[in-house]
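Peer 1: Sequence first, predicted coordinates after that:
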Amino acid sequence: MSRQGPPKHQNSYVWKPQAGVKKNEKEVGGKLRPYSEITGICGRCKDQIEWKRKYGKYKQLIEPAKCQRCSKRAVRQAYHNLCSACAKEQNVCAKCSCHVPRIIGRDSEEVEAEQKKLEEAIRNARERDRRTLLRAVNDAYPLASKVEARIARSGSGDVVSKGGLDTYVNYVEEEEEHDTVDDSFEPVTCFKCGQAIQHASECPK
């Protein structure tokens, strides 16, 4: 009969690989060069790769590996056996080659295509919408390479659709249809009435 219950010995703190060695933050896996996002695999394989990263067992690819299906050197992520194209075509995990209902992450090509759409929408937007979108993206994800968005131009031609940043950014600002006050002007104190106003016509006196 197998033993059940908690382990006999439990560490008081989490074991860290190379705890006494000062790590270079510019190396891969450091703060300045974090690991790339794990994509194209199932949840079980993702947990295995994350365990390797956490405990210092992860080995990066030096050059693209050969796909076991198409024999092309198109595998660009460590521990993957299939390239993203073959895995997507067969609807299988790129590591264990098992049919799973849900694949973790997205293809880099899709992310790049949507990032181009986002950049194009930001360029074509009017100044106020452009600054609002840039603030929302920078606050949520400082690294622009991690932005995933679908932004469509509206029929008017100068208003950006608000449904594009639902994946990463909670866009809550609503466009004011009858905006009469320019937000770029800060309130000043009127020398007549002493109240804070934005325009001389607002003075009650």
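Peer 2: Everything's here; your move. Numbers count the residues shown, from 1 in each chain.
Peer 1: Show the contacting residues for Tyr13.
Peer 2: By CB atoms under 8 Å, 6 or more residues apart in numbering, Tyr13 lies in contact with nothing. For the C-beta atoms, the positions are set from N, CA and C on the backbone; glycine is no exception.
Peer 1: Now do the strands in this protein.
Peer 2: Assigned by DSSP state E, the chain shows strands spanning 188-189, 196-197.
Peer 1: what mean pLDDT does the last one have?
Peer 2: If I follow you right, that is strand 196-197. The pLDDT scores in strand 196-197 average 64.
Peer 1: same thing with stretch 18-27?
Peer 2: Mean predicted confidence for stretch 18-27 is 83.
Peer 1: how about it: buried residues?
Peer 2: By neighbour count on 16 or more other CB atoms under 10 Å, the buried set for stretch 18-27 is empty.
Peer 1: quick one: contacts of it?
Peer 2: Taking CB under 8 Å, 6+ apart as the rule, stretch 18-27 contacts Gly30, Lys31, Leu32, Arg33, Gly56.
Peer 1: Which among these count as buried?
Peer 2: For the contacts of stretch 18-27, buried by 16+ other CB under 10 Å: none.
Peer 1: If you rank every helix and strand of this structure by mean pLDDT, what lands last?
Peer 2: strand 188-189 (a mean of 62; mean pLDDT, DSSP states H and E).
Peer 1: Helices of the protein, start to end?
Peer 2: Chain-ordered helices for the chain, with DSSP state H as the definition, fall at 43-54, 84-90, 108-124, 127-140.
Peer 1: Where does the prediction get shaky in the protein?
Peer 2: Along the chain, the parts satisfying pLDDT under 70 run over 1, 106-109, 140-205.
Peer 1: And it, split by domain according to the record?
Peer 2: What automatic domain parsing lists as the domains of the chain is 25-105, 107-173.
Peer 1: Save those as JSON lines, and put in distance to Arg3 too.
Peer 2: Output for those, formatted as JSON lines (distance: least, CB to CB, whole Å):
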{"stretch": "domain 25-105", "distance to Arg3": "23"}
{"stretch": "domain 107-173", "distance to Arg3": "44"}
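Peer 1: what about the ones you listed, which gets the closest to Lys8?
Peer 2: Each of the domains of the chain has some distance to Lys8 by CB to CB; the shortest is domain 25-105, at 21.3 Å.
Peer 1: quick one on the thing from earlier: point out the most buried one among the helices of the chain.
Peer 2: helix 84-90 (a mean of 17; mean count of other CB atoms under 10 Å).
Peer 1: what does that helix rub up against?
Peer 2: 39-40, 67, 69-70, 74, 76, 80, 82, 93-94, 97, 103, 107-109.
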